[in-house]
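In: Using only what follows, build the 3D model:
(one chain, ligands or ions: 1)
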Amino acid sequence: MDVPSPPADAPPLVVDIDGTLTDESRAVDPRVFPVLHEWPAPVVVATGKSMPYPVALCDFVGIETVVIAENGGVVLVGRDTLRIEGDRAAADAVAAAYREAGYDLGWGEADLVNRWRETEVAVSLDSPLEPLADIAAEHGLEVVDTGFAYHVKSPAITKGTGLEAVAEELDLAPADFAAVGDSENDAATFERAGLSIAVANADETALAAAEYVTDARYADGFLEAVERIGTAR
Ligand SMILES: O=C(O)COP(=O)(O)O
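Out: Just a heads-up that it's a prediction; the model follows:
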């Protein structure tokens, strides 16, 4: 697919990383860089990953750092506004109990997935879900499957609550945004955004929550969504 230019009157954008800006192997598709760089309105990178990943993406793309990380647990707007919400202690207790029951988080010794996490714990999809969900429930937490990891988190915190916080900080309303994503954790932004688009590889929850679904998958789907944002208004 040709790389579209962002529409001149594009709304603010809230966009997921994994499965949306990437290919199937989770590599960011380089065609998305100029699109994000040239976006004429605020771009919010909203991810289940810990803060350093989306911050690095913003830096390397050359856009303002406006980030929702850890599924809403961490919100960063520019260099001054940092909001951290969630229950890392409860998530750690779940991880400890899960390990005690004989399971592994599945990320190896260095655990780059949780090393910089502040509000939740993520577990590999190769580790068993059922005991994790049971232990999380005992601690008042939920498990969200992003298609890339199981995230153990506070049920009250979502990318949607993160979008509310970002919008307030930017003097915008959540409904001013167009949202593009692919998984369960994007449904909460889809519910609040004025325009929501799921890429074709999205999971059932995201597909059901989105106003539009692209024909193309992964980053091709994102590029198609950009064209749709241009015509949908
Ligand atoms: O890393 C994950 O589990 C999910 O990340 P995403 O929200 O960018 O899809």
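In: alpha carbons only for contacts and neighbour counts from here, please
Out: Noted.
In: Go ahead and confirm Asp220 touches Met1.
Out: Yes: between Asp220 and Met1 a contact is recorded at 6.7 Å, counting by Cα atoms under 8 Å.
In: More neighbours: these two, which one.
Out: Neighbour count, other Cα atoms under 10 Å: between Asp220 and Met1, Asp220 has more, with 24 against 10.
In: hey, where'd the strands end up in this structure?
Out: 13-15, 43-46, 66-69, 74-77, 81-84, 121-123, 142-145, 150-153, 178-181, 195-198, 212-213 (DSSP state E).
In: Between the ones you listed, which one is closest to Glu24.
Out: Of all those, strand 178-181 sits nearest to Glu24, with 14.0 Å by Cα to Cα.
In: How many residues are close by Arg83?
Out: 15.
In: now it, nearest residue through space, not along the chain?
Out: In this structure, Arg83 finds its nearest non-sequential neighbour in Val75, 5.1 Å apart by Cα to Cα, 6 or more residues apart in numbering.
In: Could you list the residues of the protein in contact with the ligand?
Out: Asp16, Ile17, Asp18, Gly19, Thr47, Gly48, Lys49, Thr146, Phe148, Ala149 (Cα under 6 Å from any ligand atom).
In: Would you check which pair of those residues lies furthest apart?
Out: Asp16 and Ala149 (14.3 Å).
In: More neighbours: which of these two?
Out: Per other Cα under 10 Å, whichever of Asp16 and Ala149 has more neighbours is Asp16, with 28 against 21.
In: Contacts only, for that one.
Out: Val45, Ala46, Thr47, Val180, Gly181, Asp182, Asp186 (Cα atoms under 8 Å, 6 or more residues apart in numbering).
In: Any idea what the fifth one is bridged to?
Out: Which is Gly181. In this structure, Gly181 has the following beta-bridge partners (DSSP bridges): Ala198.
In: What's the local residue count around it?
Out: There are 36 residues near Gly181, going by other Cα under 10 Å.
In: Quick check: it vs Ala89, distance?
Out: Distance from Gly181 to Ala89, counting by Cα to Cα, to the nearest Å: 29 Å.
In: Sketch out the low-pLDDT regions of this structure for me.
Out: Residues of the chain meeting the criterion pLDDT under 70: 233.
In: what about Thr119, how many residues close to it?
Out: 26.
In: Just give the nearest non-adjacent residue to it, would you?
Out: Arg88 (4.2 Å).
In: do Asp23 as well
Out: Tyr218 (5.5 Å).
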